[in-house]
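> Curious how this folds, go ahead:
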Amino acid sequence: MSTQLASEPSTSGVMKPSANPPLHIQTGTMQNTNSNFSGPVDRQNSHGSVPCSPQPPMSPDPVHDLPPELLQAGWRKFWSKREGRPYYFNKITNESLWETPSLGAVHDPLTDPLGINSDESNGPGPPGALDKRLSRQSTEIPPPGGKRRASAELCIGSPLKKAQLNYKPFWNFDVPTNAVIKERAPVHMPPPHPEVEIFRHTLISKLRQIYQDLCHQREGIDAPVDSFNRWLLERKVIDKGKDPILPSDCTPELSQQMMHEIMNDIPVKLVKPKFSADARKQLYRYAEAAKKMIETRKASPNSRKVVKWNVEDTFKWLRKRHNCSYDDYLERLTHLKRQCEPHLYEAAEESVKGICTKIYKMSCENVQKIQDKTWEIFKEHNITEGTPLPEPSSPRMTYCYAVQMSVPSPRLPVVERILENEVAHLRFKNETLKMNQEHFWKMEQLYGLNCRDDQRFDNFLARTWCLLKRYQTYFGINANEGKGNQGALSPSLMECLHRVFGVTFECFASPLNCYFRQYCSAFPDTDGFFGSRGPFLDFYPTSGSFEANPPFSDELMAAMVDHMESLLGETNEPLSFIVFIPDWRDPPTEALIRLESSKFKRKQFICPPFEHEYRHGFQHLPSAKSEMSAKAVFGTLVVFLQNDAGFARWEPTSEKIKELILASKPKDPITNPSSPS
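This is a model prediction of the structure:
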């Protein structure tokens, strides 16, 4: 059965897919040099400007102090109090300039009100304040043929040169999607706002610190590295709450993942030692900590007896053996931990449950605080929460489109941008966020291709700042925390996937690390303006070729396999998923076991450790520019899940697999380290 795609907008405001509109950049637009000025002069009257009396006066009537040809073309002259100099505004095109405008082709608004006979090389101007399109829902506004505001017009400081993209882009936004979905209702959640993001960041940072303090005070250990982030991922698989990051409506409330990670570091955190002397010290530390813990905690007599006997036996062994090998110490440590762990777990169980429960309860309280703060700000702009829009009663099939929001966005506060040494500095109030220049231009392209409620880019800088702040909040407060959750496949591998297997869509990405312009990501509210289709577990394609490189959360990877198998079993159209997960087999993860045993598995192979690479998880930060790729220290399992039609169209033959393996190779030769790490 063939799939018919929607070709016209529906009542729910879903737009038909269109060719990529080019991002038009205005030339000769008004630039400013005042560090307190972040964009065009505020305009309040019907044609968008406030005439101010000049200081000192330039003429009795400065508004009409222009040649008749410019007046006829719609230009007027005004005085900027803030800048202390005149500027020029075109009431027909809404264009603002600091310099005297050049006439060019004459446009007579009386004989040619639409400007059809004027110079069409620049296209029609942006819609005016009375344009009826602005009163309709944002999803019904067709992609404009007019100009988009250049990002340089929104920046602070002296006029900046236009971006010179003299590097090879690590994305390909020319690839159209082949992912087909059913029409869906807009997402009912508030759009991002800088004030809310700052408030959310403060609360989550405090919660992370409380988690660290509880682990240190109650269990004598530091909070396990990245365990808070993995807790967020695990909770979001089942969470039905309203916050995009923090969980607040989970069943069950107790996180087994967080409990397991804390328990794994009790009584002391173990790391793989490099030398035999380190292995001996770690064995001694573990025995000492186990003895102290079983003596000070509430435990059964049998548990105390077993732990003390094994600890004393270990001490005797250490006193007799002084020149044991590296493997001997590791084997003895493994034996001691296996014997003591069940009894130590029993002694610490109630305390660890208390930590997990307290963190979840505080998360729920923080979500309510964030919701109150959000709607307090939005009500100042006469925007209320309202009710979600119903799903379409007769949804049509259409190519996938970016997330649409049912709650309108207010005019966001000013965010300043400064480009310096190929780094974009985005400043809101007293906080400056940085990203390298290449990623800033990438954000601008994604915004131009996907945003439908901000044709003039008025909110672009503020939404980019919110996006950076959201991911900074999610990554964490410690160095390199969260980096592993944002690793991406290399551009050469993505290009090969598209060319050989027709892949056009990433199931787990973000605006910062995506290769295609269509992708799923964790945060629909901040990422939707930059092309996100929402979280993958809420995405229901009926056909298409997909790449999936999920964050390494056991619960999320298992839920991903469930979702893929459900999608593959519900359609007869060509559907294919190429999944990349760590080849962890000691013990194997649930996702790995289920992928290898899936009835939809067509092919699998393993990329060996140190013979492939991932793109840096913090690739958008200036500090990562010198090391964009990181070598994989573990093997990666690649599995093809396809239905019959997907297998017929994108069959993973041996020749194609060889080409894929070749594309995954690092550019420089890698040798395996000889010493353990």
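
> Return the residues in contact with Val638.
Applying CB atoms under 8 Å, 6 or more residues apart in numbering to Val638 gives the contacts 578-580, 604-607, 660. Just so you know, the C-beta spots here come from the backbone N, C-alpha and C atoms, and that holds for glycine as well.

> what element comes up after whichever strand or helix holds it heading to the C-terminus?
Using DSSP states H and E, Val638 sits within strand 636-642. Moving toward the C-terminus from strand 636-642, the next helix or strand (DSSP H and E) is helix 644-649.

> Now that following helix: buried residues?
646-647, 649 (16 or more other CB atoms under 10 Å).

> and what of stretch 214-223?
By neighbour count with 16+ other CB under 10 Å, stretch 214-223 contains the buried residues 214-215, 219, 221, 223.

> Show me what the top helix by length along the chain is packed against.
Using DSSP state H to define each element, the chain has its longest helix at helix 326-379. Here helix 326-379 touches helix 194-219, helix 256-264, helix 276-296, helix 301-320, going by 3 or more CB pairs under 8 Å, 6 or more residues apart in numbering; DSSP states H and E.

> Distance to Leu97 and mean pLDDT added to those, as JSON lines?
As requested, the helices and strands packed on helix 326-379 are arranged in JSON lines below (distance: least, CB to CB, whole Å; pLDDT from 0 to 100):
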{"stretch": "helix 194-219", "distance to Leu97": "29", "mean pLDDT": "96"}
{"stretch": "helix 256-264", "distance to Leu97": "57", "mean pLDDT": "94"}
{"stretch": "helix 276-296", "distance to Leu97": "68", "mean pLDDT": "93"}
{"stretch": "helix 301-320", "distance to Leu97": "80", "mean pLDDT": "94"}
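
> any idea which helix or strand carries Lys658?
Element membership for Lys658 (DSSP H and E) is helix 654-664.

> Let's test this: mean pLDDT of that helix, rounded?
Average pLDDT, helix 654-664: 95.

> Run a quick neighbour tally on the residue nearest to Leu461 when sequence neighbours are not counted.
Spatially, and ignoring its direct neighbours in sequence, Leu461 is nearest to Val415 (4.1 Å; CB to CB, 6 or more residues apart in numbering). Using other CB atoms under 10 Å, Val415 has 23 neighbouring residues.

> what residues are up against Val415?
38, 194, 426-428, 461-462, 464-465.

> Looking at the residues you listed, which are in strands?
Cross-referencing these against strands under DSSP state E gives 426-428.

> Mind picking the one among these that's closest to Ile198?
Relative to Ile198, the closest of the ones in strands among the contacts of Val415 is Phe428; by CB to CB it sits at 7.9 Å.

> Roughly how far does the closest one sit from Cys466?
According to CB to CB, to the nearest Å, Phe428 stands 9 Å off from Cys466.

> So which of the two has more stuff around it?
More neighbours surround Cys466 than the other of Phe428 and Cys466, with 28 against 21 (other CB under 10 Å).

> Could you verify my assumption that that one touches Pro190?
No - counting by CB atoms under 8 Å, Pro190 is not a contact partner of Cys466; they are 11.4 Å apart.

> center of the chain, which residue is that?
Geometric centre of the chain, nearest residue: Ser510, 3.3 Å, by CA atoms, centre = their mean.

> and that residue, what does it touch?
Per CB under 8 Å, 6+ apart, neighbours of Ser510: 471, 486, 519, 521-523, 527, 532.
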